[in-house]
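Chemist: fold the stuff below for me.
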Amino acid sequence: MIKETLFPEHERELRLNKLGDILLRLEKYIDFKSISEAIEAAAPREAKTGRPPFPTELMTRILVIQQLFNLSDDQMEFQLLDRLSFQRFVGLRRSSQIPDSKTLWFFRERLIQAGAEAVIFKAVSQQLDAYGFIARNGQMIDATLVEAPRQKISKEEKKIIDKGEIPANWSAAKRAQKDRDADWTYKQGSYYFGYKISANVDNRYRFIRRIRISPASAHDTLFLETVLDDHNTSMAVYADKGYTDGAREKALTEKGYRMNILRKAKRGKPLSDRQKKRNKRISKVRARVEHPFAALKQMGGKIVRSIGLVRATFGLYCKVACYNMKHLCSLKAMNVTPF
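Modeler: The predicted structure follows:
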């Protein structure tokens, strides 16, 4: 027989706490008030009459949950109605008012139109620094692909799009569903359609410090300087063979950077033993960049369901910011001391 108690919800919360709720850790270590204030400054609300809107901090917390658990707006509305830990985290445990999917969409759209993704990312980065987790021991540069819904576009239509134009026979509804910013690329024997995250990961703590979102076809080397972090305590830069560029390496070396880029053999000119040893040394460090990418994949960050570069940029910046929040909580839970 199932035992009934007077306070089942309280008992469930206590058990949930013992199991380890990531949202409780976020509550403990992340200052959501400062992030929401930064959002309000970047994307202020328009003055409107009628029912008061949900507080920005509440909506920011919901945005974080969506990124952590990879939930659509409809799924988020359902989970807020059903899930105890989500209700507790956003502050709706004792309220029947729950933002619906349209409210979530309008909030995110306001932030997208204001270009608030960089503000959110910066606000989170400032909290990492405040805890003492500044970028140390060099930086690892790499890129990872993010797939988008594949488009059925003819060769003739592709030629028109490449000119920056839209095929005349496309209706307004069709234009809204066609991602003209994403592109194809070929990697390791497979074709991919979507975007690319060029990222800078610090060697000491493995936080993602800088990112740049581009179509998947853009070459990795285009954004190396863009994602370099001048605030890292070390000028060492680690990257794979795709970033090899003699002129660029020379220019960055003259600026004080210590370039550690893997060498690749050329036809008829195999690598020397010295070069192989150098590659092995660099690879041991550079391989750490794959850890954040694996974490992003677990959070659903290797696929976007939005249309266009602007929305992909917003979603991926927020995803990376949430990875940094989650990783900070993990380091704090392990009592890692910054040094």
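Chemist: could you list the buried residues of the biggest helix by length in the chain?
Modeler: For the chain, the helix with the greatest residue count under DSSP state H is helix 309-333. When neighbours are counted by 16 or more other CB atoms under 10 Å, the buried residues of helix 309-333 are found to be 309, 311-329, 331. In short, each C-beta sits where N, CA and C put it, glycine included.
Chemist: elements contacting that helix?
Modeler: Using 3 or more CB pairs under 8 Å, 6 or more residues apart in numbering; DSSP states H and E as the contact criterion, the elements in contact with helix 309-333 are helix 22-29, helix 56-69, helix 101-114, helix 117-130, strand 190-202, strand 208-215, helix 290-298.
Chemist: if we go to 6 Å?
Modeler: The helices and strands touching helix 309-333, judged by 3 or more CB pairs under 6 Å, 6 or more residues apart in numbering; DSSP states H and E, are helix 22-29, helix 56-69, helix 117-130, strand 208-215.
Chemist: can you add mean pLDDT and give these back as TSV?
Modeler: Formatted as TSV, the entries for the helices and strands packed on helix 309-333 read as follows, by pLDDT from 0 to 100:
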stretch	mean pLDDT
helix 22-29	92
helix 56-69	96
helix 117-130	96
strand 208-215	96
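Chemist: turn those into CSV, including distance to Asp82 and mean neighbour count.
Modeler: Putting the helices and strands packed on helix 309-333 into CSV (distance: least, CB to CB, whole Å; neighbours: other CB atoms under 10 Å) gives the following:
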stretch, distance to Asp82, mean neighbour count
helix 22-29, 15, 16
helix 56-69, 13, 21
helix 117-130, 27, 18
strand 208-215, 32, 22
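Chemist: okay if I get these as CSV plus distance to Leu84?
Modeler: Conversion of the helices and strands packed on helix 309-333 to CSV gives the following (distance: least, CB to CB, whole Å):
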stretch, distance to Leu84
helix 22-29, 10
helix 56-69, 13
helix 117-130, 26
strand 208-215, 31
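Chemist: nearest to Ser154, out of the ones you listed?
Modeler: Comparing those by their distance to Ser154 (CB to CB), the top pick is strand 208-215, with 19.0 Å.
Chemist: of all the helices and strands packed on helix 309-333, which one is nearest Lys178?
Modeler: With distances scored as CB to CB, the stretch of these nearest to Lys178 is strand 208-215 (14.2 Å).
Chemist: pairing partners for the closest one, with directions?
Modeler: With DSSP bridges as the test, strand 208-215 is paired with strand 190-202 (antiparallel).
Chemist: now do the partner strand: distance to the chain's middle.
Modeler: In terms of CA atoms, centre = their mean, to the nearest Å, the gap separating the centre of strand 190-202 from the centre of its chain is 11 Å.
Chemist: same check, this time on stretch 250-270
Modeler: For stretch 250-270, the distance from its own C-alpha centre to the chain's C-alpha centre is 29 Å (CA atoms, centre = their mean).
Chemist: same question for that stretch: list its buried residues.
Modeler: Within stretch 250-270, the residues that qualify as buried are Leu252, Tyr257, Met259, Asn260, Ile261, Leu262, counting by 16+ other CB under 10 Å.
Chemist: residues making contact with that stretch?
Modeler: Among residues not part of stretch 250-270, those counted as contacts by CB atoms under 6 Å, 6 or more residues apart in numbering are 235-241, 243-244, 249, 271, 275, 279, 282.
Chemist: just the buried ones among these, please.
Modeler: By the neighbour-count criterion of 16+ other CB under 10 Å, the contacts of stretch 250-270 include these buried positions: Met235, Ala236, Val237, Tyr238, Ala239, Asp240, Tyr243, Glu249, Asn279, Ile282.
Chemist: ok, the buried residues of stretch 250-270 vs Gln188, which is closest?
Modeler: The nearest member of the buried residues of stretch 250-270 to Gln188, counting by CB to CB, is Leu262 at 16.0 Å.
Chemist: how much space between the closest one and Ser85?
Modeler: Taking CB to CB, to the nearest Å as the criterion, Leu262 is separated from Ser85 by 43 Å.
Chemist: quick one: low-confidence ranges for the stretch 51-200 of the chain?
Modeler: Low-confidence regions of the stretch 51-200 of the chain, defined by pLDDT under 70, span residues 51-52.
Chemist: contact partners of the longest helix of the chain?
Modeler: Residues outside helix 309-333 that contact it (CB under 6 Å, 6+ apart) are 25, 29-30, 64, 67-68, 112, 117, 120-121, 124, 181, 195, 197, 207-208, 211, 213, 295-296, 301, 304, 306.
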